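Novice: could you look at this predicted model? Sequence included:
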Amino acid sequence: ERLARQAGGESAQDGAATAGPLLLHAWPDRVAKARGAPGRFLLANGRGGEIDPAERLVREPFLVVADLQGRARNARIAAAAAVREEEVLAGLGHRIETRVETLFDRERGAVRQREVRRLGAILLGEQALPAPRGAAADRAVLDAVRAHGLAILPWSREAEQLRARLAFLHVRQGAPWPDVGDAALTARLEEWLLPFLKGEAALSAISGRALADGLMTLVPFALQRRVDSEAPSHFTAPTGSRLPIRYENGEAVLAVRVQELFGLTEHPSAGGVPLTLELLSPAHRPLQKTQDLPGFWRGSWADVRAEMRGRYPKHVWPEDPARAAPTRRAKSRSG
């Protein structure tokens, strides 16, 4: 009652009944709706406000705030009056916006839509809509990606690797190799993703192959044949093993057991770019990282050999690996 009197300037009883509707027109952006714990409110202008728990208005569903003190996220409401939702709708109907919102349901991996009515930041009501289909579903998927990021898409290993390879080429050579960073891909969703959608709201309907094909459409036709040669997906080791190349931070990285590179006297490369070698033990544990394999053979190999011979005695550790035969196997029992 004290708050209503302060705002309306009338008796407590009359003020409670008339101050709210009058203040609607004076401060339409200060309409407040209760949220969370009693006494906490969200204003139409987006600010939060709190009433002392001892005040009578603490449990009102709607208020019009006449005096809000402080700049904190939840400022103190010093003067306010209660107002009914029907009065808000009648007095500020021209300010109420009705629109369809697209939401992403992470648990279901699908997009859904709802019709909402808002007065500024205040949600007045919502109604679930049927799952979109056709072009509406495709647009809803794009909206969800814009809102939640590219990570919600079902990237396959193939699509992720292609994206990394294209990023590598863009960093190394620039245009016309496309920028496939998050911001660039999000800005061009209509070009590379939309044509491969199938009119379904479930993200599971998007295949990894479709994402890879979509990315490739960003590459000029004349360059598409050069992706495999300039940023190959795999490296064939001297043993014949076909090993995946990892592209990251402008580098082409190959993780390989050191025994599979015996006999190489030149540093391996991909598309003319030296590979960053992550040399591994027989147990696939890291030994050393290098972009100069011949230098490694001549230098720190001796220390690695001395330590690894005792740890992995069943595997070969030659004194001169540049002249040794590559192998994927341990020593023969006779050896």
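Specialist: On my side now, so go ahead. Numbers count the residues shown, from 1 in each chain.
Novice: C-alpha only now, for contacts and for neighbours.
Specialist: Noted.
Novice: can you pull out the helices in this protein?
Specialist: 2-8, 12-26, 85-91, 134-148, 157-173, 182-187, 189-192, 208-216, 221-224, 227-230, 293-298, 301-311 (DSSP state H).
Novice: most packed of those?
Specialist: helix 2-8 (a mean of 22; mean count of other Cα atoms under 10 Å).
Novice: let me see the mean pLDDT of it.
Specialist: The average pLDDT for helix 2-8 rounds to 44.
Novice: check stretch 64-72 too.
Specialist: 88.
Novice: swap in stretch 196-216?
Specialist: Mean predicted lDDT for stretch 196-216 stands at 94.
Novice: quick one, strands of the stretch 1-150 of the chain?
Specialist: Along the stretch 1-150 of the chain, counting by DSSP state E, counting those that start in this stretch, strands occupy 31-34, 40-43, 48-50, 62-69, 74-82, 97-105, 110-119, 122-129.
Novice: distance to residue 283 for the helices of the chain - can I get that in JSON lines?
Specialist: Below are these laid out as JSON lines (distance: least, Cα to Cα, whole Å):
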{"stretch": "helix 2-8", "distance to residue 283": "74"}
{"stretch": "helix 12-26", "distance to residue 283": "73"}
{"stretch": "helix 85-91", "distance to residue 283": "69"}
{"stretch": "helix 134-148", "distance to residue 283": "39"}
{"stretch": "helix 157-173", "distance to residue 283": "24"}
{"stretch": "helix 182-187", "distance to residue 283": "36"}
{"stretch": "helix 189-192", "distance to residue 283": "41"}
{"stretch": "helix 208-216", "distance to residue 283": "31"}
{"stretch": "helix 221-224", "distance to residue 283": "38"}
{"stretch": "helix 227-230", "distance to residue 283": "30"}
{"stretch": "helix 293-298", "distance to residue 283": "20"}
{"stretch": "helix 301-311", "distance to residue 283": "10"}
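Novice: nearest to residue 108, of these?
Specialist: In terms of Cα to Cα, the element of these nearest to residue 108 is helix 134-148, at 13.3 Å.
Novice: helices and strands around the closest one, which ones?
Specialist: The contact analysis (3 or more Cα pairs under 8 Å, 6 or more residues apart in numbering; DSSP states H and E) places helix 134-148 against strand 97-105, strand 110-119.
Novice: about what we covered before: right, and the strands of the stretch 1-150 of the chain - which one's nearest residue 187?
Specialist: Of all the strands of the stretch 1-150 of the chain, strand 97-105 sits nearest to residue 187, with 18.2 Å by Cα to Cα.
Novice: what about residue 187, distance to residue 92?
Specialist: 37 Å (Cα to Cα, to the nearest Å).
Novice: show me the beta-bridge partners of residue 32.
Specialist: residue 43, residue 63 (DSSP bridges).
Novice: that one reaches residue 66, doesn't it?
Specialist: No: assessed by Cα atoms under 8 Å, residue 32 is found out of contact with residue 66, at 10.7 Å.
Novice: of the two, who's got more company?
Specialist: Each of residue 32 and residue 66 has its neighbours counted (other Cα atoms under 10 Å); residue 32 has more, 29 against 22.
Novice: and that one, what does it touch?
Specialist: 41-44, 62-65, 122 (Cα atoms under 8 Å, 6 or more residues apart in numbering).
Novice: thanks a lot, see you next time.
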